[in-house]
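A.B. asks: When you get a sec, could you give me coordinates for this:
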Amino acid sequence: MCNHRLVAPRISVALVLSIAYLAAPAWADFKTGEKAYQSGDYATALREWQPLAEQGQAGAQYQLGLLYGNGKGVTKDDAKARQWYDKAAVQGHTEAQVNLGVLLMYARGGQQDYKMAVYYLRLASNKGNDLAQRRLGELYERGEGVQQDYVKAYMWYSLGSAHGVEAGARLRDALAKQMDPDQIAEAQKLAREWKPKGK
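C.D. replies: Numbers count the residues shown, from 1 in each chain. Just a heads-up that it's a prediction; the model follows:
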């Protein structure tokens with residue numbers, strides 16, 4: 001019995017060390033890709049990120065989504081961008097969730113799916129992403145993927161403008177013209193009480 005207790009910690013330490021040893025080169029490859037991307041060398045960025053993305057690294061998957069979504073070093077391909085964003089979004093990558101939500105909203109790279117757009121935009125909105133909050137507000141305002149709700153739309157627009165983003169304030173103010181004072185007061189209360197989740 002004593003032997004088992006001594007073996008377990010050794011295995012744990014060995015496992016941790018081997019994970020750290022294997023992760024270090026991957027992080028270096030990711031950073032090499034990042035430097036190449038920033039300098040406009042998209043072919044090198046693709047070459048560095050592709051293997052990492054295929055191994056399941058969410059950050060690399062998101063970056064490949066950006067390359068395909070923007071046509072940087074590859075032919076612009078929203079379907080491939082959507083696939084890579086999806087892989088990263090499922091792992092909780094906030095920016096991938098936003099970009100996937102937008103592609104789903106506007107039927108870019110595949111079928112339009114408002115329900116899934118709402119799902120991914122809500123995940124990112126709940127983490128405080130202002131673009132996701134504005135897009136989610138749009139879906140509530142139009143009743144796409146959710147029941148139309150001006151109060152929630154106003155709330156999400158307000159949250160999406162909290163960091164000085166003018167677009168959120170413009171959307172909120174335009175919507176306010178269609179709301180009564182009680183609805184606005186309720187939306188403002190919801191926005192004040194809102195707290196980020198899942199960061």
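A.B. asks: Would you mark the buried spots in stretch 192-199?
C.D. replies: Buried residues in stretch 192-199, counted by 16 or more other CB atoms under 10 Å: Trp194. No exception for glycine: its C-beta is placed from N, CA and C like everyone else's.
A.B. asks: In the protein, mark out all the helices, start to finish.
C.D. replies: Assigned by DSSP state H, the chain shows helices spanning 2-38, 42-54, 58-70, 78-90, 94-105, 114-126, 130-142, 150-160, 166-176, 181-193.
A.B. asks: which other helices and strands contact the last one?
C.D. replies: It refers to helix 181-193. helix 150-160 (3 or more CB pairs under 8 Å, 6 or more residues apart in numbering; DSSP states H and E).
A.B. asks: and the protein, what are its domains?
C.D. replies: 38-112, 128-199 (automatic domain parsing).
A.B. asks: quick one, which of those domains is packed in tightest?
C.D. replies: Most buried of the domains of the chain, by mean neighbour count (mean count of other CB atoms under 10 Å): domain 38-112, with a mean of 19.
A.B. asks: Endpoints of that one, how far apart?
C.D. replies: Distance between the two ends of domain 38-112: 32 Å, counting by CA to CA, to the nearest Å.
A.B. asks: how far out from the middle of the chain is it?
C.D. replies: 11 Å (CA atoms, centre = their mean, to the nearest Å).
A.B. asks: So for it, mean pLDDT?
C.D. replies: Here domain 38-112 scores 96 as its mean pLDDT.
A.B. asks: again, but for stretch 120-139
C.D. replies: 96.
A.B. asks: what does that stretch rub up against?
C.D. replies: 89, 92, 94-95, 97-98, 100-102, 104-105, 114, 117-118, 144-146, 152-157, 159-163, 165, 167-168, 171-172, 175, 196-199 (CB atoms under 8 Å, 6 or more residues apart in numbering).
A.B. asks: Thanks a lot, catch you later.
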